[in-house]
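> what follows is a predicted structure for the sequence shown.
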Amino acid sequence: MKLDFIIFNMRLKTHICLFFFLSTFAANSQTDSTINLTYNWDSLINKITFTVGTLYDEFDFIDHSPDEEDHKNYRSNYYLINQLPTEKNHKKYFSLAVSLWELEKTAQAEKMFLNIVNSTIFSYTSTFYHNSDIPGDTTTNSYGYGSFTSSYKNYACVYLTKIYIEQKKFAKALVYLDMAVKKYIVVYNCGTGNHWQKREYDFLYAHCYGGLNQNEKVIDLLLPEFLDWNNSLLIKAIKNLYSENEIKKQLEDAERSITCVVDTFQSESYLTHNYGEKNEWKETIRYYAGSGTIKLFMKTIELPYPGLEDGETLTRDYYVKLFRESNFYTSLTGNGE
């Protein structure tokens, strides 16, 4: 089976899929070196591999997860390691570099990714636009929601960032991460893709800043989402800057600072039970939600939308409990496992 074009590659552990979007395309060159792709859906190949492994408390964007395809790719295309990328081999070249990364053949992967970043061939110097319109649907998606752009150099820079973080060359890692974010820009026009990209960039920036002992930057970057995931990088940065007594006082002050504003209107949510079965039924739950804030380490942070049961009304105690039971709080107080 011919792999006509590799658009995007992302590997994430813990209930996250490995996506390879591959397709033939019709390209129309534009003055800004951006290419507008029209999918030939008959040749579109969607490969989705669920990686099952150790469950992590937080997403590890520097995790290696090789599969059989990586081994096959290495056996079939290893000869490219000592070559330079060309228009003829650029698809296989990038694919092999990714497989080398997954297989932890880091020196070889680094060499190939550097060649991609330094290459002047058209396919590596261009940015590609991927339309989100559904094939066969005559309605045009005028807002472009779900579309995205891709760049080989962006992905190569991200992989080089991970390689240099593993090698503890944090200043070098930061250079390539800045290149990915600011020079070889890729954009996702949907909330999920955009949010996931931000998570990866923030994770990598935090590693670079932490490795350079720039703890204030780690805190500024990760503190606004302190409840969203268990972030050991944030905890480490705080412990590097504050003593135990200072942390205790900050947490006490933060708890006292929690505010809560209750909506004056009732909200509704709909739950489906026994979905897809004959006895499927829907339940409507009604509650009074609202919003909250907390002043944490001198930063005011919006608290998440509450998850309430039927008949409940949001209270300040809800957010206090959420704060005290968070991994962030228990890790800093020593009450976590």
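It's in.
> direction included, what does the helix or strand where residue 272 lies pair against?
Following DSSP states H and E, one finds residue 272 within strand 267-273. Paired strands of strand 267-273, with direction, are strand 281-287 (antiparallel) (DSSP bridges).
> list the helices and strands the next helix or strand after the partner strand packs on?
Heading C-terminal from strand 281-287, the first helix or strand you meet, by DSSP H and E, is strand 290-296. Packing partners of strand 290-296 (3 or more CB pairs under 8 Å, 6 or more residues apart in numbering; DSSP states H and E): helix 244-257, strand 259-262, strand 299-303, helix 316-324. In short, each C-beta sits where N, CA and C put it, glycine included.
> got CSV for the ones you listed, with distance to residue 157 and mean pLDDT too?
Below are those laid out as CSV (distance: least, CB to CB, whole Å; pLDDT from 0 to 100):
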stretch, distance to residue 157, mean pLDDT
helix 244-257, 36, 97
strand 259-262, 41, 98
strand 299-303, 30, 97
helix 316-324, 37, 97
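> of those, which approaches residue 285 most closely?
helix 316-324 (15.6 Å; CB to CB).
> what about the nearest residue to residue 314 once chain neighbours are set aside, how many neighbours?
Nearest non-adjacent residue to residue 314, counting by CB to CB, 6 or more residues apart in numbering: residue 290, 4.3 Å away. Residue 290 is flanked by 21 other residues according to other CB atoms under 10 Å.
> looking at strand pairing, list the partners for residue 290.
Counting by DSSP bridges, residue 290 is bridged to residue 262.
> any idea of the angle the strand holding residue 272 forms with strand 290-296?
Comparing the axes of strand 267-273 and strand 290-296 via axes from the mean of the first three to the mean of the last three CA atoms, to 10 degrees yields an angle of 100 degrees.
> outside of strand 267-273, which residues touch it?
With contacts defined as CB atoms under 8 Å, 6 or more residues apart in numbering, strand 267-273 is touched by 280-289.
> for the record, mean pLDDT for that strand?
Taken as a whole, strand 267-273 carries a mean pLDDT of 90.
> ditto for stretch 74-93
In this model, stretch 74-93 has a mean pLDDT of 97.
> just to revisit the earlier point, widest-spaced pair of the contacts of strand 267-273?
Using CB to CB, the two most remote members of the contacts of strand 267-273 are 280 and 288, lying 28.3 Å apart.
> which of the two has more neighbours?
A count of neighbours by other CB under 10 Å puts residue 288 above the other of residue 280 and residue 288, at 17 against 10.
> ok, now how distant is the nearest residue to that one once chain neighbours are set aside from residue 181?
Spatial nearest neighbour of residue 288, excluding adjacent residues (CB to CB, 6+ apart): residue 313 at 4.2 Å. Distance, residue 313 to residue 181, by CB to CB, to the nearest Å: 42 Å.
> could you do residue 76 as well?
Distance, residue 76 to residue 181, using CB to CB: 33 Å.
> and if you look at residue 123?
Distance, residue 123 to residue 181, by CB to CB: 21 Å.
> returning to what we had before: quick check, nearest of the contacts of strand 267-273 to residue 217?
Using CB to CB, the contacts of strand 267-273 come closest to residue 217 at residue 289, 33.9 Å.
> how many residues are close by the closest residue to the closest one other than its chain neighbours?
Residue nearest to residue 289 in three dimensions, not counting chain neighbours: residue 267, with 4.9 Å by CB to CB, 6+ apart. Neighbours of residue 267 under the rule other CB under 10 Å: 15.
> now residue 267: how far from residue 221?
For residue 267 relative to residue 221 (CB to CB), the value is 32 Å.
> same thing with residue 262?
Remark: distance between residue 262 and residue 221 (CB to CB) = 31 Å.
> higher neighbour count, these two?
More crowded of residue 262 and residue 221, by other CB under 10 Å: residue 221, with 21 against 14.
> wait, doesn't that one sit right on residue 204?
No. Counting by CB atoms under 8 Å, residue 221 sits too far from residue 204 to count as a contact (10.5 Å).
> just for the protein, where's the confidence low?
Scanning the chain for pLDDT under 70 picks out 1-59, 132-145, 229-230, 336-337.
> can you pull the domain assignment for it?
6-212, 245-333 (automatic domain parsing).
> could I get those as JSON lines with distance to residue 236?
Formatted as JSON lines, the domains of the chain follow (distance: least, CB to CB, whole Å):
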{"stretch": "domain 6-212", "distance to residue 236": "7"}
{"stretch": "domain 245-333", "distance to residue 236": "10"}
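> which one of the contacts of strand 267-273 is nearest residue 155?
The closest of the contacts of strand 267-273 to residue 155 turns out to be residue 289 (CB to CB; 39.8 Å).
> separation between the closest one and residue 271?
16 Å.
> which of these two has more residues huddled nearby?
residue 289 (18 against 11).
> so how far is residue 223 from the more buried one?
Distance of residue 289 to residue 223, given as CB to CB: 24 Å.
> what's the answer for residue 175, then?
For residue 175, the distance to residue 223 (CB to CB) stands at 25 Å.
> which of the two has more neighbours?
residue 223 (18 against 15).
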